[in-house]
Every structure is written in C-alpha cells, then in structure tokens.
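Novice: The sequence isn't on hand, but the structure is:
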C-alpha cells in the first residue's frame, strides 16, 4: 500500500482532554480556597504599564494577580460630528476568550447589555476627572478591552482608562482609581476587597468605588445586591476609598515610567539624527 504523504500523523502518545479540564477545575478551586483563607482587606498585586499601543494616542495595560487583564486605549481630542460641549465617549468590551480557564464568554443580548452598563459606569467614573471645559468643541474616546476576567474587571478598567487618558496628553484633575468589593451570603460575612471571579459570582452584594485620591473626592459608586444594612454599605465605602488610596501610587509610577521612556527615546533619536551638534 503506497504511503499517504498528505495525512498528518498524530502523536505516539495521547491523553484524553478530560484530564486537562479536571486540572483546570482543581486550580480554580485552589484559587478560591486560598482567597477565602486570606486577609479580606488585602489588595491583589497590581501591574500597570502605559504607552503600549502605537495605534492609539494613549494606552495602558493593567493586570491583577488572579487572572484579570485589561487593555485600554484613548484618542483625542478630536473634532466632534456636531458642535457642542466637550464629550467623553467610553466603550467597554470583553474578549470572547476572557472567561476563566479560556472558556468563551456567553454571547447574546444579555452580554451586550452588560457591556453597555459597564461602559456607562466607566464614563460616570471618568467624567469628573477630565477637564472637559478645556475641550469645548472636541471629543475624547476611551476603549477598554477585558482580555481575561478574573474578577474586579470594571475597577481595573477605571484605573487603566484614566492612565490611558493621561498618557494621551488629556488634561485631568486627577487620576480616577477604581476598587471593587463583594460580600458573601450570610449575616456574619464581611466585605472583601478586589474579589476574584468566584467571589463575585456567589456574592450577595457588590460595590465598585471610583475615587480621585489627590482631591479626596468620590467620582462614582456602583452597587448591587441585598442583605446589608446602611452601616455595612458605609463600611464598604470606607474600605473602597482606602483601597483606591493604596492603588494610587502604582498608577502614578506607571505614568512616570512612561514619561521617562519617551524622554529617553526622544534623546536617542536626537543624538542619532544627522547634522546635530554633539556635546
């Protein structure tokens, strides 16, 4: 029998895909167990970097330990389609592979409605920070893309979007910083800062706080749930503001590093340009 050269030979050894699915489920269970045994007031480590996208005038990437990755881009100021006061347009999207463990996020009208609500919340959090009066006839645009949703995605998008606007040269009163909280079912359960995806799914109450730390102002509050008295919500607000103040230096240092990189790059280009004087 002649050899079929067009057929791809498979591996000599193979394993059923159920083994990998079980390993992913065990990893998710271990993450939730470690989260439940840790300090509820501890913040997840944050990594931020500005100026990653060359196609946008400003960009920022924010990642939280536990699998939350958000990429934001900013454009403007641009001429609006119709004259009027300065406007801020916000877009919030989730990648099809943003769900936990690489699973595709459910589509349909429910997912699009959730993205529209998140975009409205993002705009509400950013508008008090942007000096729109300086752009009376211009339009600013911000796009947030959730690459991986490991919990507290909207709060991470608020910080990334404000850094992207600052990276684009937009005048701001202050950086808007977001911090999410959740409360598990039960009368004895307390609030948890920056909850992961598992805690957000089973939470009886959720709250996202957006603040301007340098001005000591709250720019937006987004809460949902039941089973908590007004005193508990007040405690959540205080915890959220404290979390925003603790995250603020990381975002500021991100902008400073981006400014130093740009200054060093301009200095290198000036030194390498022909006809320039060398000192």
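Specialist: Good, I have the coordinates. Given the structure is predicted, the values throughout are model-derived calculations rather than measurements. Residues are numbered from 1 along each chain as shown.

Novice: Make sure residue 179 is actually in contact with residue 247.
Specialist: Yes: between residue 179 and residue 247 there is a contact at 6.5 Å, judged by C-beta atoms under 8 Å. For the C-beta atoms, the positions are set from N, CA and C on the backbone; glycine is no exception.

Novice: Residue 237 against residue 208, yeah?
Specialist: No: counting by C-beta under 8 Å, residue 208 is not a contact partner of residue 237; they are 11.0 Å apart.

Novice: When those two are compared, which one has more neighbours?
Specialist: Shown here are residue 237 and residue 208; by other C-beta atoms under 10 Å, residue 208 has more neighbours (23 against 18).

Novice: Distance-wise, check that one relative to residue 97.
Specialist: 24 Å (C-beta to C-beta, to the nearest Å).

Novice: Residue 249 too?
Specialist: Distance of residue 249 to residue 97, computed by C-beta to C-beta: 32 Å.

Novice: more neighbours, these two?
Specialist: Using other C-beta under 10 Å as the criterion, residue 249 and residue 97 rank with residue 97 on top: 13 against 10.

Novice: I'd guess the more buried one is in a strand, am I close?
Specialist: No: per DSSP: H, G, I helix; E, B strand; the rest coil, residue 97 lies outside any strand segment and is coil.

Novice: and the closest residue to residue 115 other than its chain neighbours, how many neighbours does it have?
Specialist: Nearest residue to residue 115 in three dimensions, chain neighbours excluded: residue 92, at 5.3 Å (C-beta to C-beta, 6 or more residues apart in numbering). Residue 92 has 25 neighbours, counted by other C-beta under 10 Å.

Novice: Which of the three states applies to residue 92?
Specialist: Applying three-state DSSP: residue 92 is strand.
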